[in-house]
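Novice: Predicted model and sequence below, questions to follow.
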Amino acid sequence: MAEATELVEETNVDLLLSEAELEAHREHITAFIKGVVDDAGAEGAVLGLSGGIDSTLTAFLAVEALGEEGLHGLVMPSDVNTERNMSDAERVAEMLEIEYDVLDINPVVDAFVDVAPDHAAEDRMALGNVRVRTRAVLNYFVANAESGVVLGTGNRSEAMAGYYTKYGDQAVDCNPIGNLYKCQVRQLARHVGVPDEFVEKPPSAEMWEGQTDEGELGLDYDTLDAILALHVDGPFSKAATVRALDVPESAVEHVEELVATSEHKRHMPPAPEPR
Ligand SMILES: Nc1ncnc2c1ncn2[C@@H]1O[C@H](COP(=O)(O)OP(=O)(O)OC[C@H]2O[C@@H]([n+]3cccc(C(=O)O)c3)[C@H](O)[C@@H]2O)[C@@H](O)[C@H]1O
Ligand SMILES: Nc1ncnc2c1ncn2[C@@H]1O[C@H](COP(=O)(O)OP(=O)(O)OP(=O)(O)O)[C@@H](O)[C@H]1O
Ligand SMILES: [Mg+2]
């Protein structure tokens, strides 16, 4: 896993960040968050806290940008979330001394299944996406009521692979860590003082029991990041990427496919040309 990232270093593609670069990202992102809130004329920001690394890092940076008064955390358990992640999510809010609510989404999700009983209940992806979109509705409920903006937690790896729910966790006002690959998210998290146990936890969307990002994506984030950085964002051909990273051609093709099939998620819904 670390191997692929180290090999990227030898190619001069900027994937692993120096301490100076991490500090520059920290300043750049906190200024960005402050700018988004100020430009919106908002009083603060709302953020879903999952106990995962992306929301934890975003929360740390948002408190640096806005102060603890400026961030409202929402911990939104469903019956497929682990106790550990939900208690870690509350621990983040307590560490940062921000206001937070715990909102049980189970009754809302059950209501969707009740009104459309022929759908979703047997389809873990469809039902998982309902859980994700329910949280988006609640984020905006609180943001509207409190004159806040909704902070997203999408990173560059997820954005490029389309690894998110359309109009779910992607339905936000900005993505402060959206220019960082997942391996850089881990680096920045350590740099700003996020405890190691958050950085080391296996990433999971927790849309159903036992789901993990790397299991579903079919490759680990370090390999995904390396292929994205060299081949999709960078100038390396497929063959050069295979050689540089010592990965099978099928891994590069898999990433190409993730990027291509998620293209629709990165655009406004299209309409026919005017005629
Ligand atoms: N070519 C196309 N042009 C226009 N629209 C197209 C389309 N293809 C599908 N669609 C639409 O998109 C829908 C499918 O997209 P979507 O509803 O997003 O669903 P989908 O991409 O199938 O599933 C979401 C994926 O994101 C992962 N996820 C979600 C949330 C959080 C996280 C996390 O890491 O925390 C990960 C989840 O595990 C799953 O792999 C289709 O039902 C259709 O409505
Ligand atoms: N149970 C939850 N309560 C509140 N917010 C949630 C919950 N589950 C997911 N979210 C929101 O959806 C976002 C996307 O989830 P995702 O799993 O990609 O990120 P993460 O959990 O922060 O990090 P990781 O990738 O390490 O799991 C989270 O960052 C968080 O803002
Ligand atoms: Mg998660």
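Specialist: Received, thanks. Ligands and ions are numbered 1, 2, ... in the order given.
Novice: Might you report the residue contacts of Gly73?
Specialist: By Cβ atoms under 8 Å, 6 or more residues apart in numbering, the contact set of Gly73 is Leu47, Gly48, Leu49, Ala59, Ala89, Val92, Ala93, Leu96, Ile98, Glu99, Tyr100, Asp101. The way it works is simple: take the backbone N, C-alpha and C, and place the C-beta from them, glycine included.
Novice: From the residues you listed, pick the one nearest Leu71.
Specialist: Nearest to Leu71, judged by Cβ to Cβ, of the contacts of Gly73 is Ile98 at 4.7 Å.
Novice: Glu68 is in contact with that closest one, correct?
Specialist: Yes: judged on Cβ atoms under 8 Å, Ile98 makes contact with Glu68 at a distance of 5.0 Å.
Novice: sorry, back to before: most neighbours among the contacts of Gly73, which one is it?
Specialist: Most neighbours among the contacts of Gly73, by other Cβ atoms under 10 Å: Leu47, with 30 neighbours.
Novice: Assign a three-state SS to it, would you?
Specialist: Secondary structure, DSSP: H, G, I helix; E, B strand; the rest coil: Leu47 is strand.
Novice: Phi, psi for the nearest residue to it once chain neighbours are set aside please.
Specialist: The shortest distance from Leu47 to any non-neighbouring residue, by Cβ to Cβ, 6 or more residues apart in numbering, is to Leu151 (4.5 Å). Dihedral pair for Leu151: phi -90, psi 130, per degrees, to the nearest 10.
Novice: Pull up the residues of the stretch 51-200 of the chain that are close to ligand 1.
Specialist: Met125, Asn129, Val132, Glu158, Tyr163, Tyr164, Thr165, Lys166, Gly168, Asp169 (Cβ under 6 Å from any ligand atom).
Novice: out of those, who's nearest Ala229?
Specialist: Among those, and counting by Cβ to Cβ, the member closest to Ala229 is Glu158, at 14.4 Å.
Novice: Give me the pLDDT value at whatever residue of the stretch 151-275 of the chain ends up closest to ligand 3.
Specialist: Going by Cβ to the ion, ligand 3 is nearest to Ser204 of the stretch 151-275 of the chain, at 5.0 Å. The model reports Ser204 with a pLDDT of 97.
Novice: and what of Glu122?
Specialist: 76.
Novice: just Thr11 next, same as before
Specialist: For Thr11, the model assigns a pLDDT of 68.
Novice: For stretch 36-48, which residues meet the burial criterion?
Specialist: Neighbour-count burial for stretch 36-48, counted by 16 or more other Cβ atoms under 10 Å, picks out Val36, Val37, Ala42, Gly44, Ala45, Val46, Leu47, Gly48.
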